[in-house]
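Trainee: pasted the sequence and its predicted model underneath.
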Amino acid sequence: MNTNESVLPQIRTQTLVWIGTALALFLILALLGLSMRLNQGGAIWATPDLFYAVMTLHGLGMTGAMFMGGLAFVWYLLSRYIDPHPGLMWSSYILIVLGAVGLVIGTLIGRFGPGWYVLYPLPFVNPVWPAWATGDSVISLILLGTGWLLAQLTLLSSLARRYGAGNLLGWQYFRADHPKVEIPPIVLITVISLIAGSITTVFGAVLFLLYLAKWFNDALQFDALLLKNVVFLFGHTIVNITMYLGVAAIYELLPKFTGRPWKMNRVVSISWNFVLLFVLGAYFHHLYMDYAQPVTLQYLGQILSYGSAVPATVVTVFGLGAQVYRSGVRWTFVPLSFFLGITGWVIGGFAAVVDSTIALNTVLHNTLWVPAHFHTYFLLGYLLILLGMTFYITGSERESRAMTALTTMVVGGSGFLLMFYLGGVDGVPRRFADYQGVDAQALSATAQSLAQIAAGFIVLFLLGFLLYLAALGRKRTAAA
Amino acid sequence: MTALNAGIFTLAGVLLVVLIALVVARSSQPALPKDGVIARIYRVRFVYFVVLGLVLLATLALTLPRVPYPSARNTVTPDVRIAVTGWMWTWRFDAISGDGVRIEPQDLTVPAGKLIEFAVSSGDVNHGFGIYDDQGHILTQVQAMPGYTNQLRYRFPAPGVYHILCMEFCGYAHHLMTTTIHAE
């Protein structure tokens, strides 16, 4: 059942421009990812500066593209409740595109290659890229951050105008299941996500402004531990809230397929307020191997990381179960992609909780286990939700083709991810341009084999993705 | 705790999740009115919440005491202390105290079975000091951060060749930043 009719055409157009841009970027960046695995497998050879520049663009680009898609489809679904200023959203889009173009120039042409997390002081010490590439890339990141912040604040301010700022966190549900001002779950989850996102985007902007200052005056010195905390507060949050935006869409849209409402109540409100706490504190788990980090923060990192499993599974996953169980839902593309997306999220979360155990992190940190878990979150978690949303928004009807595409992507994606997990178990380090210089011959051989097999599975996944793109849009009727 | 433990545990978890997902997906038919169904699900949810809470608390209790941080260690004095400095793209070793240490360009020899304390830092950017055995199994690691010193304690289990790989991306030759430790 397609109930897009209530959405204004201009909103539909604008959100589809955002989503189309995100999916186009995804395809290009996925091809760059394929080239990385091929290089690691020894099938092609790129100079290290090119490999690491591609790696930097892939990480930053995917993060930004997926976040952009999430902002767009949440905005689409929220448009029945709020009316964010279209000019502000277009301004945000332009800033994001300018930033993305600048980043492509800085990385692929300038060979700016410090990795997505631009960990201080790497961008400034013995770089193999020209100084202009650093300045270009840092300014591009500032533009991106400004665009993201503008979109987040525009949505938040629209929600505050509609419901009153004091009602947005759902605290009114702590006392009563039907308070005076009710908010749907999508509003609460979006607010939690964008509050966390706005705060940490500001931290990211401060970081990049410091980098810009240092680019002008190299004599400036900053504390490496402090800046590592800042960059991971920003990066960890933005990827997690992207996933939450996908979850928010499911709370709103899945009921249309199951015929059951997914309501706000005290448990949902309390749960998602805890998520705000967990998502801001769990980033400490990225610094476990920095023994200089205060030990209290290390312990907090594990406790908060473990804690985040509680609201995710107790409320969202069980809520999904309550939606599905004996609902009579027909497993068409949209509900199935949502269901599989949540399944992928849980699997990625399981691997994340394992890695967030300090005692295990000593053997998993910066091995392929890390890209294994976050690619699970994104590729077979969030992306499936984005594809489901896009299918819904475009009013697509080619169910058979879409299902074949979905099956192909799940098989290809699973194989690709399995190679990462096996690499993690084998201790294969991440972010290596190639493994031919590794003296431990068994490790070198394993790493290359896994990369070669992964590349094959990526090709399969991408074939499925192209088939999915061919499934979008309405069928032409004979009369037309 | 080894990476293999983590892998086996994760595999079990993944299989469980997939099985539950299949069961739940198939449970959509036949359709029933939601009122009786929801109450049943909430009862299961409460049990799951309690069990999950207990499992997480137990896991925290079992694993948090096993952290590698200096403040969490007992007061055993290491047998050997070695300063390690990461530079783009090489490792430099300097003996601080203890017997049985030999340092040559790109090679370090240490006594097997003794408690070694590596005082790890960096002269330029962040690096990662990762210790592997000759079969390529990662044994332990610590970050090398400019301006800070991280003390990693490790006891090489047997004589032989061990490899150091850089575990923190550090630029152009990050993947070539390796060295060898011989335990005798």
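Mentor: Received, thanks.
Trainee: for the chain, what's the longest helix?
Mentor: Let's take chain A. helix A:224-258 (DSSP state H).
Trainee: looking at chain B here, not the other one
Mentor: helix B:34-63.
Trainee: and that one with chain A, contact?
Mentor: Yes. Remark: helix B:34-63 sits within contact range of chain A at B:34, B:37-38, B:41-42, B:44-45, B:48-49, B:52-53, B:56, B:59-60, B:63, by Cβ under 8 Å from any Cβ of the partner chain. C-beta here means a position set from N, CA and C on the backbone, and glycine is covered the same way.
Trainee: and those, which are buried?
Mentor: Among those, those buried by neighbour count (16 or more other Cβ atoms under 10 Å in any protein chain shown) are B:34, B:37, B:41, B:45, B:49, B:56, B:60, B:63.
Trainee: wait, residue A:201 sits on residue A:238?
Mentor: Yes. Between residue A:201 and residue A:238 there is a contact at 7.3 Å, judged by Cβ atoms under 8 Å.
Trainee: tell me the contacts of residue 167?
Mentor: If you meant another chain, say so; for now it's chain A. Counting by Cβ atoms under 8 Å, 6 or more residues apart in numbering or on different chains, residue A:167 touches A:179, A:181, A:183.
Trainee: chain B, not that one
Mentor: Counting by Cβ under 8 Å, 6+ apart, residue B:167 has contacts A:289, A:365, A:366, A:367, A:429, B:127, B:128, B:129, B:130, B:141, B:143.
Trainee: for residue B:68, give me the backbone phi and psi.
Mentor: The phi/psi pair for residue B:68 (degrees, to the nearest 10) reads phi -90, psi 10.
Trainee: spatially nearest residue to it, not counting backbone neighbours?
Mentor: Spatial nearest neighbour of residue B:68, excluding adjacent residues (Cβ to Cβ, 6 or more residues apart in numbering or on different chains): residue A:362 at 6.0 Å.
Trainee: can you list contacts of the helix or strand where that neighbour lies?
Mentor: For residue A:362, the enclosing helix or strand under DSSP states H and E is helix A:358-364. If you take Cβ under 8 Å, 6+ apart as the criterion, helix A:358-364 is touched by A:285, A:288-289, A:298, A:301-302, A:354-355, A:370, A:424, A:427, B:1-3, B:5-6, B:63-64, B:66-68, B:138-141.
Trainee: strands along chain B, start to end?
Mentor: Counting by DSSP state E, chain B has strands at residues B:80-87, B:90-97, B:102-104, B:107-110, B:115-122, B:127-133, B:138-144, B:150-155, B:160-166, B:178-183.
Trainee: and the strand or helix carrying residue A:64, how far out from the chain middle?
Mentor: Taking DSSP H and E as the definition, one finds residue A:64 inside helix A:48-78. A distance of 7 Å separates the centroid of the chain from that of helix A:48-78, by Cα atoms, centre = their mean, to the nearest Å.
Trainee: could you check the angle helix A:224-258 makes with it?
Mentor: 40 degrees (axes from the mean of the first three to the mean of the last three Cα atoms, to 10 degrees).
Trainee: now the helix or strand just after helix A:48-78: mean pLDDT?
Mentor: Sequence-wise, the next helix or strand downstream of helix A:48-78 (DSSP H and E) is helix A:86-104. For helix A:86-104, mean pLDDT rounds to 96.
Trainee: now swap in stretch B:112-119 and tell me
Mentor: Stretch B:112-119 comes out at a mean pLDDT of 95.
Trainee: hang on, isn't residue B:10 packed against residue A:421?
Mentor: Yes. With contacts counted by Cβ under 8 Å, residue B:10 reaches residue A:421, the gap being 7.1 Å.
Trainee: in the helix or strand containing residue A:36, which residues are buried?
Mentor: Element membership for residue A:36 (DSSP H and E) is helix A:9-40. The neighbour-count check on helix A:9-40 (16+ other Cβ under 10 Å) flags A:11-12, A:14-16, A:18-19, A:21-23, A:25-26, A:29-30, A:32-40 as buried.
Trainee: between residue A:201 and residue A:238, point out the one with more neighbours.
Mentor: Applying other Cβ atoms under 10 Å in any protein chain shown to residue A:201 and residue A:238 shows that residue A:201 carries more neighbours, namely 26 against 21.
Trainee: and the more buried one, what does it touch?
Mentor: With contacts defined as Cβ under 8 Å, 6+ apart, the neighbours of residue A:201 are A:145, A:148, A:149, A:152, A:234, A:238.
Trainee: redo that, cut-off 10 Å
Mentor: A:67, A:144-153, A:194, A:234, A:237-238, A:241 (Cβ atoms under 10 Å, 6 or more residues apart in numbering or on different chains).
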